[in-house]
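**Student:** 3D, please:
(2 chains)
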Amino acid sequence: MTIMPASGTPAPGQAPQTAPGQAPQTAPGQTAPAGHSRDRRGSPVPTAGMIASRVMELRKRRGLMTALIAVNIGFPALFMLIRLLLHAFAPRANQPAGNDIIFKILVAGFLPTFGFIMAATVGCTAGSRDLTEGMFRHLVVTGRSRLALYLARIPAGLAIVVPMVAVGYTIVCAVSVFAAPAFIDDSNVNIPPGLSRAGFENWAAGHAVPVICGLPYSGHVPGTVTCAGPAGWSKSAVTPGQPASAAVEALAVKIAKQDYSGQNGYTAIFRYPSNSLMIEAGLWIELDAAVGFILGLGLASLMGQRTGPIILIIVFQIIVTPILTGVVIPHLEDLQRSVVGLAMANLEPSGLPVGAALPGVTGGAGGPGSTLLPESATLAVGVVLAWLAGWTILGAWRMMTRDA
Amino acid sequence: MLLPRRRLDGTPGKLAADSRWAVQTHGLTKRFGAKTAVNGVELLVPRGSAFGYLGPNGAGKTTLIRVLLGLTHADAGTMSLLGYPVPRHRDAALARIGAIVDEPRFYGHLTGRQNLRLLAAAREPAARDRIGPALERVGLAHRADDRVSKYSMGMRQRLGVAACLLSDPQLLILDEPMNGLDPAGIAQIRDMILSLVAEGRTVVLSSHLLDEVERTCDAVAIVDRGSVIAQGPISELLAGAPVALVVECSEPGRARALLAGATLGARIEPAPSALGLEVTLPGGAGRDVIAEVNRVLVAGGISVYRLQPASTTLESWFLQVTSRLGDPE
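**Tutor:** As a prediction, the model looks like this:
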């Protein structure tokens, strides 16, 4: 039996034409496809086309995109819309939709918690679905570097996650600013904004009873002042003035002097968040989402599945992180400081509250009443970077070594 | 008779990179725990041919393909694709290779065209321009913008072939490409393979559809239990296969005794008809041996009514050689 190669020359017993392990001097297939000269498929750097096609692949997942839009954009937008409508139809009973407090609750609570989980879900999808859906083989057979195949997912996923988070956050900021109240709500006393100390005292004299009854005061209040309680507080307008005796006005001015400045004073209360806080909080939320995405991508690539890693990340974010960040465990403090949730909490802008409404959210280290395990900003940044790099390396390593 | 394995050189673990062969392997071995899925495979696939890779289920066909393509690593041995030693030059080799491994699966939520776009992005820039022609060639252009989740199995197979064509391949490795196809689809894939070979490309066709392989391929390798037990042009393999003779004669019982006493090395069994015998001659038996059968019978005073060699198909030969391996040693 003879096997004839294409050249028609019998093979058996022929001497090697090329040393073992070396590429042939003449390229096989001299009719190499056009474009091979620009072909850098061994490079670990993904091409723009690979990234764009990855974006398309993720963007076309309707269920994932629906969930992503609903959580990052839909829920905050709906919440704000309801507040806008309630105030529009019943302004006396409902505060204006936007204000400093609502902003802080959403930004320190809902957005980072669920933004992180949704970003991790996108990461888990990007890191595992080509395996479970059988496309990984096709991709490996292209000859493209597996590292490049992995790295292409990072900008692609972030190109979806980051804008989604940004849109939702922008809606919250916009409503907080443009639908902000016309007054400052200081302990249910609605005061005009921007008053000087003298102006504040003057305003207090004209609104002595609400000031005495509402604003914090540790001194003695004479029995001649009758407080009507919360019923007298308007949710939508500056508290109306009313005449009072000279003694009562003097007491109100005294209280105003005490409450003008200080941690919870008039000057510390805002109608809407400051520009610097919005910028800082926005960057922090985006970083949080990016960490979630990278963690999900790496973990899903490592485990080769999507559901398991998503459950692990939710448990980690909702249960494990709050425990490790809020409780000092003797002898394990350094280990606790290596948790990314604590690092992110310590990087939270100080203008945001600590431990807002949702579990898993701990708040800024510099914020009032912080209960976080202390960690320097440098260490926190280092921990975050280590998590980003570590999970990227783990995920890429698994992808490069896994059987397809 | 089993055909001898062809060796490239006498040094284990070394391989002569010879670009005249589309695929060369030497001592290629892949183990999964204690199970050896690919056992010292020596394979030579000539360029520009349609090469069948045959074996029963579980013989190690897909595993070998996965090893060749770098989907899993080999435990021992060397290999080259299109003359490029792999895994060292795998990216250069794969740039000119298209492959379907196992069942072709794609992202169901994307259209056929979008799936190809994703694969083309991982190849050279020119691959994107080949998407349309590839879809045309496999007859999927009219469904290219439907989601793959709505495709039939046959359509996915054709999409898999289209994916192979994105690389303008010099070598196509197709693992069971005719699975799930209707007769028209099989004929279409067969014609396509033949046209690809006519263009100077090499096609390695792994299949259990022996009839299709016989009609499509120039040469085959038979694999069983991870080892290549024979390879070469189909005509030569069949020429070396055992020859079956149907003999009709006047006294079958005495004829059987006469033939058994002769030194023909034949296996003789009664045929279903009362006057018949089935004589199986060793592989490579020529016309002179058949004539000798006739001579022995006539010399013994037996009237021979019919002496007819049964045609040997790839299927019958395949079943013989693979089932023989299953016999207890």
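**Student:** who are the neighbours in contact with the residue nearest to the spatial centre of chain A?
**Tutor:** By Cα atoms, centre = their mean, chain A has its centre lying nearest to A:Ile285, at 2.8 Å. Contact partners of A:Ile285, counting by Cβ atoms under 8 Å, 6 or more residues apart in numbering or on different chains, are A:107, A:111-112, A:115, A:165, A:169. Every C-beta, even on glycine, is put in place using the N, C-alpha and C of the backbone.
**Student:** element containing it, please.
**Tutor:** Element membership for A:Ile285 (DSSP states H and E) is helix A:275-303.
**Student:** Make a markdown table from the contacts of A:Ile285 and add neighbour count and secondary structure to it.
**Tutor:** Formatted as a markdown table, those follow (neighbours: other Cβ atoms under 10 Å in any protein chain shown; DSSP: H, G, I helix; E, B strand; the rest coil):
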| residue | neighbour count | secondary structure |
| --- | --- | --- |
| A:Val107 | 29 | helix |
| A:Leu111 | 27 | helix |
| A:Pro112 | 30 | helix |
| A:Gly115 | 24 | helix |
| A:Val165 | 27 | helix |
| A:Tyr169 | 24 | helix |
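**Student:** can you tell me which of those lies nearest to B:Gly253?
**Tutor:** A:Gly115 (90.1 Å; Cβ to Cβ).
**Student:** Quick one: residues contacting the closest one.
**Tutor:** A:71-72, A:165, A:168, A:285, A:288-289, A:292.
**Student:** List the buried residues for the helix holding A:Ile285?
**Tutor:** Residues of helix A:275-303 classed as buried by neighbour count (16 or more other Cβ atoms under 10 Å in any protein chain shown): A:277-278, A:280-282, A:284-303.
**Student:** The stretch 101-250 of chain B: strands as residue ranges?
**Tutor:** Along the stretch 101-250 of chain B, counting by DSSP state E, counting those that start in this stretch, strands occupy B:171-175, B:202-207, B:219-224, B:227-233, B:243-249.
**Student:** Work out the gap between the third one and the centre of the chain.
**Tutor:** Right, the one you point to is strand B:219-224. Centroid separation for strand B:219-224 versus its chain: 5 Å, with Cα atoms, centre = their mean, to the nearest Å.
**Student:** any idea which element B:Thr36 lies in?
**Tutor:** Here B:Thr36 is assigned to strand B:35-46, by DSSP H and E.
**Student:** what about B:Val213, distance to B:Tyr151?
**Tutor:** Counting by Cβ to Cβ, to the nearest Å, the separation of B:Val213 from B:Tyr151 is 25 Å.
**Student:** go on, A:Leu85?
**Tutor:** Distance of A:Leu85 to B:Tyr151, given as Cβ to Cβ: 46 Å.
**Student:** And the two? Which one has more around it.
**Tutor:** B:Tyr151 (20 against 12; other Cβ atoms under 10 Å in any protein chain shown).
**Student:** Surely that one is in contact with B:Thr111?
**Tutor:** No. Using Cβ atoms under 8 Å, B:Tyr151 makes no contact with B:Thr111, being 9.6 Å away.
**Student:** Mark out where each domain of the chain begins and ends.
**Tutor:** Since you didn't name a chain, this refers to chain A. Using automatic domain parsing, the domain ranges for chain A come out as A:48-181+A:273-399, A:184-268.
**Student:** wrong one, I was asking about chain B
**Tutor:** Split by automatic domain parsing, chain B gives B:21-232, B:242-311.
**Student:** of all those domains, which lies closest to chain A?
**Tutor:** The closest of the domains of chain B to chain A is domain B:21-232. By Cβ to the nearest Cβ, the value is 2.7 Å.
**Student:** can you give me the end-to-end distance of the closest one?
**Tutor:** 13 Å (Cα to Cα, to the nearest Å).
**Student:** which residues does B:Val246 contact?
**Tutor:** By Cβ under 8 Å, 6+ apart, the contact set of B:Val246 is B:271, B:276-279, B:306-310.
**Student:** Same check on A:Val161?
**Tutor:** Neighbour list for A:Val161: A:68, A:118-119, A:122, A:289-290, A:292-293 [criterion: Cβ under 8 Å, 6+ apart].
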